[in-house]
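Visitor: got a sequence here, can you model it:
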Amino acid sequence: MSTPTENTLWAAVLDAAEFRWSTGEYTKAEELFRHAIALAEEALSCDHPEVIIAYMSLADFMCERQRFGEAETIYRFCLKLIARQCGSDGLLFALALRNLGEILTLENQDKDAILLRQRANQVLKACQIIFSA
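Guide: Model prediction:
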């Protein structure tokens, strides 16, 4: 069982990672993202939604750094965790699908990217939230 301090610690480290990212300190940011994930997994469990969001933040970071293969791998991992923990019909799943679709577009995998965005929009439509494709 985690304590409030453990929950606060990993969230503070994640905030620090995002700050370092915003200031261009990319090596330190990546180190902090990974440390925050490790702390969150220890405090909450690997498939807790907040841990998944921390992984998705790392994937976004990788994408911005043009490390698309790593970002894709992380998003695919997140999709498996989300489907197992939360199901494949929620907002978190749709967001991960959409972000993975964007990465595939950047990797010139347009056909797969379109399918992922369409599936994301189906999920969002069921949740009554629509984004343009």
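
Visitor: nearest the geometric middle of this protein, what residue?
Guide: residue 56 (1.3 Å; Cα atoms, centre = their mean).

Visitor: can you tell me the closest non-neighbouring residue to that residue?
Guide: residue 78 (5.6 Å; Cβ to Cβ, 6 or more residues apart in numbering). For glycine as for every other residue, the C-beta is placed from the backbone atoms N, C-alpha and C.

Visitor: could you export the host helix or strand of that neighbour as CSV, CA atoms only?
Guide: Taking DSSP states H and E as the criterion, residue 78 maps to helix 68-85. C-alpha atoms of helix 68-85 as CSV (Å, rounded to 0.1, in the frame of the first residue of the first chain):
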residue,chain,number,x,y,z
PHE,A,68,9.4,7.8,-33.1
GLY,A,69,10.2,4.1,-32.7
GLU,A,70,10.6,4.4,-28.9
ALA,A,71,7.4,6.5,-28.7
GLU,A,72,5.5,3.9,-30.8
THR,A,73,6.7,1.1,-28.5
ILE,A,74,5.6,3.0,-25.4
TYR,A,75,2.2,3.8,-26.8
ARG,A,76,1.6,0.2,-27.8
PHE,A,77,2.6,-0.9,-24.3
CYS,A,78,0.2,1.7,-22.9
LEU,A,79,-2.6,0.4,-25.1
LYS,A,80,-2.2,-3.1,-23.8
LEU,A,81,-2.2,-1.8,-20.2
ILE,A,82,-5.2,0.4,-20.8
ALA,A,83,-7.2,-2.4,-22.5
ARG,A,84,-6.4,-4.8,-19.6
GLN,A,85,-7.1,-2.3,-16.8
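
Visitor: other SSEs contacting it?
Guide: helix 49-64, helix 91-106 (3 or more Cβ pairs under 8 Å, 6 or more residues apart in numbering; DSSP states H and E).
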